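Student: Sequence and predicted structure below; questions after.
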Amino acid sequence: MATMATKAVRACEEVLWIAKVNAVWILLALLGGVVFGVGPATLAAATISRRHHRGEDVAVLRSAWAAYRRAFVPGNALGLPLIAVGLLLAWNWRFAGDTGNAPMTVLVGCAAAGYAAIVAVLPPLYAHYDLPLRGYLPVASKFVLVNLPGSILLIFILLAVGFASYLIPGLLIFISFGLWITVDSYLCQRFFAANDDRVAARAGADSVQH
């Protein structure tokens, strides 16, 4: 009984965390005028989510604001091109559907899947690794290609949250962004840790051979 009660409390705490992250994400995105706020807000949310998953006691608003200020320039340097590409893909998808161009629809769909995977990997990657700014997109793209099962899972989660929010728009106000960022960050941390272990194991094997 005590175990069930503990699990219930933890579940409620996690739901509350998701709601807080969602509220802070919306606030910070609006603070940047949406277009200039989405990127930094997402990087900030991924940063505090990483700390949360590591068991740290995180003051959501204060920590997110500090991370947002640090991430404002890199968030826009990474986010604005992604927003532009996303709009271009949406326009091409609409055009392909309107014209009934099946090959173009398939091509845009594949490009959109790769785009979604990069969008899912990039914020946790920024929070987890200290790389030169120009290195994040290439590393995220490479990670998506060499970790296809994990990338497919991340795409599925993004689509699931997006579809649920489409069916119930009110979710956007309360949990959608926070839920996606929290789950996405949790999974990516596990993927990064497993990848780091593989790289370390290969490096150790190479050193033994030489």
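Tutor: The structure has been received and is ready for your questions.
Student: Report the central residue of this protein.
Tutor: Averaging the C-alpha coordinates of the chain gives a centre point, and the residue nearest to it by Cα atoms, centre = their mean is A120 (3.7 Å).
Student: Remind me which helix or strand that one belongs to.
Tutor: Element membership of A120 [criterion: DSSP states H and E] is helix 102-128.
Student: Buried residues, that helix. List them.
Tutor: By neighbour count on 16 or more other Cβ atoms under 10 Å, the buried set for helix 102-128 is 105, 108, 112, 114-128. (C-beta placed from N, C-alpha, C; glycine too.)
Student: Show me what the mean pLDDT comes to for it.
Tutor: Per-residue pLDDT over helix 102-128 has a mean of 93.
Student: again with stretch 144-157
Tutor: 94.
Student: mind listing what L43 touches?
Tutor: For L43, the contacting residues are 67-68, 71, 74-75, 78-79, 123, 126-127, taking Cβ atoms under 8 Å, 6 or more residues apart in numbering as the criterion.
Student: Helix 102-128 and the lowest-mean-pLDDT helix or strand in the chain, what's the angle between them?
Tutor: Every helix and strand in the chain was compared by mean pLDDT, DSSP states H and E; the lowest is helix 176-209, with a mean of 85. Following axes from the mean of the first three to the mean of the last three Cα atoms, to 10 degrees, one obtains 80 degrees for the angle between helix 176-209 and helix 102-128.
Student: Buried residues of the helix ranked longest in the chain, list them for me.
Tutor: With DSSP state H applied, the helix covering the greatest number of residues in the chain is identified as helix 60-99. Applying a neighbour-count criterion of 16+ other Cβ under 10 Å, one finds 60, 63-65, 67-68, 71-72, 75-76, 78-79, 82-83, 89, 92-93, 96 buried in helix 60-99.
Student: Of the contacts of L43, just say which sits nearest to S165.
Tutor: Checking the contacts of L43 against S165 by Cβ to Cβ gives P123 as the nearest, at 17.8 Å.
Student: list the contacts for the closest one?
Tutor: So P123 contacts 42-43, 45-46, 181, 184-185 (Cβ under 8 Å, 6+ apart).
Student: go again using 10 Å as the cut-off
Tutor: For P123, the contacting residues are 39, 41-47, 49-50, 71, 75, 78-79, 136, 140, 180-181, 184-185, 188, by Cβ atoms under 10 Å, 6 or more residues apart in numbering.
Student: which residues does L107 contact?
Tutor: Taking Cβ under 10 Å, 6+ apart as the contact definition, L107 lies against 92, 96, 101.
Student: before we move on, what about A19?
Tutor: 60, 173-175, 178-179.
Student: just checking, what packs against the least confident helix or strand of the chain?
Tutor: Helices and strands in packing contact with helix 176-209 are listed as helix 2-31, helix 38-53, helix 102-128, helix 136-146, helix 148-167; criterion 3 or more Cβ pairs under 10 Å, 6 or more residues apart in numbering; DSSP states H and E.
Student: Send me the shortest one as PDB with only the CA atoms.
Tutor: What it means is helix 136-146. Listed next in PDB are the C-alpha coordinates belonging to helix 136-146 (Å, rounded to 0.1, in the frame of the first residue of the first chain):
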ATOM      1  CA  TYR A 136      24.800  21.000 -33.100                       C
ATOM      2  CA  LEU A 137      22.900  20.500 -36.300                       C
ATOM      3  CA  PRO A 138      25.500  18.200 -38.000                       C
ATOM      4  CA  VAL A 139      25.800  16.100 -34.800                       C
ATOM      5  CA  ALA A 140      22.000  15.900 -34.400                       C
ATOM      6  CA  SER A 141      21.700  14.800 -38.000                       C
ATOM      7  CA  LYS A 142      24.300  12.200 -37.600                       C
ATOM      8  CA  PHE A 143      22.800  10.900 -34.300                       C
ATOM      9  CA  VAL A 144      19.400  10.500 -36.100                       C
ATOM     10  CA  LEU A 145      20.900   8.400 -38.800                       C
ATOM     11  CA  VAL A 146      23.000   6.100 -36.600                       C
END
